[in-house]
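[1] What would the 3D arrangement of this be:
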Amino acid sequence: MTPSLITGKAYVLGDNVDTDQIIPAHHLTLNPSLPEEYRQFGKHALSGVPASLSGLPRGHVPFHSRDEHLSDYAIVVAGKNFGCGSSREHAPIALSSAGVRAVVAEGYARIFYRNCINGGYLAPLACEGRLCDAVCTGDEVEVDIAGCEVRNRTTGERWRLAPLGEAWPIVSAGGLFSYARKHGMIR
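    Alright, predicted model coming up:
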């Protein structure tokens with residue numbers, strides 16, 4: 001069960017971050033059902049974000065500080081239309097494998113949002129307001145899913161989140177199949 005309070009450093013992006021920027025297509029030969037290859041998805045997460053993209057964090061901070069699969073950032077903060085582009089289910093896998101536990105965005109591409117929930121990879125949370133302009137990469141952030149709130153521990157500012165509602169039990173169970181097994185819907 002995933003805890004409803006997530007804390008960690010924020011990695012800030014802008015609008016229209018697409019799935020090819022989250023995990024470039026040439027890494028899709030990796031098989032996420034193999035543990036070593038699953039870790040490799042994390043190593044390549046957000047490696048397709050070009051330096052010229054306006055949504056790149058202030059100061060061009062890399063998502064990975066070392067050549068490892070885990071990032072120092074547990075929370076991605078973004079603008080509108082996060083996860084747009086192809087219907088690549090590998091995008092939330094890549095972020096989850098890198099250690100991201102939640103994405104807080106102004107809005108999502110529908111398929112990316114559903115892939116996060118169906119696989120139980122991470123919590124896709126919608127913020128009220130333009131959080132990506134108020135939070136800086138590296139800020140310590142606390143996401144309270146049950147309380148529908150984000151708090152920037154660095155500045156003390158707070159913002160409201162739209163509730164995940166019926167989706168949260170699915171994410172916290174580890175995905176749709178785990179949820180269905182837990183509730184006796186399937187064996």
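
[2] pLDDT below threshold where in this protein?
    Where the chain drops to pLDDT under 70, the residues are 1-2, 49-60, 67.

[3] and Ile170, what does it touch?
    117-118, 120, 176, 179 (C-beta atoms under 8 Å, 6 or more residues apart in numbering). Using the backbone N, CA and C atoms, a C-beta is placed for each residue, glycine as well.

[4] Tell me the spacing between the residue positioned nearest the centre of the chain and Leu34.
    Compute the mean C-alpha point of the chain, and by C-alpha atoms, centre = their mean the closest residue is Val103, 3.6 Å away. Taking C-beta to C-beta, to the nearest Å as the measure, Val103 falls 25 Å from Leu34.

[5] same deal with Leu161?
    34 Å.

[6] neighbour count winner among these two?
    Higher neighbour count among Leu161 and Leu34: Leu161, with 20 against 10, using other C-beta atoms under 10 Å.

[7] what bridges to the more buried one?
    Cys127 (DSSP bridges).

[8] close enough to count as contact, it and Ala146?
    No. Counting by C-beta atoms under 8 Å, Leu161 stays clear of Ala146, with 10.3 Å between them.

[9] Strands of the protein, residue ranges please.
    5-12, 73-78, 102-105, 123-126, 140-144, 149-152, 158-160 (DSSP state E).

[10] got those as CSV, with distance to Arg66 columns?
    Output for the strands of the chain, formatted as CSV (distance: least, C-beta to C-beta, whole Å):
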stretch, distance to Arg66
strand 5-12, 15
strand 73-78, 13
strand 102-105, 22
strand 123-126, 26
strand 140-144, 20
strand 149-152, 26
strand 158-160, 31
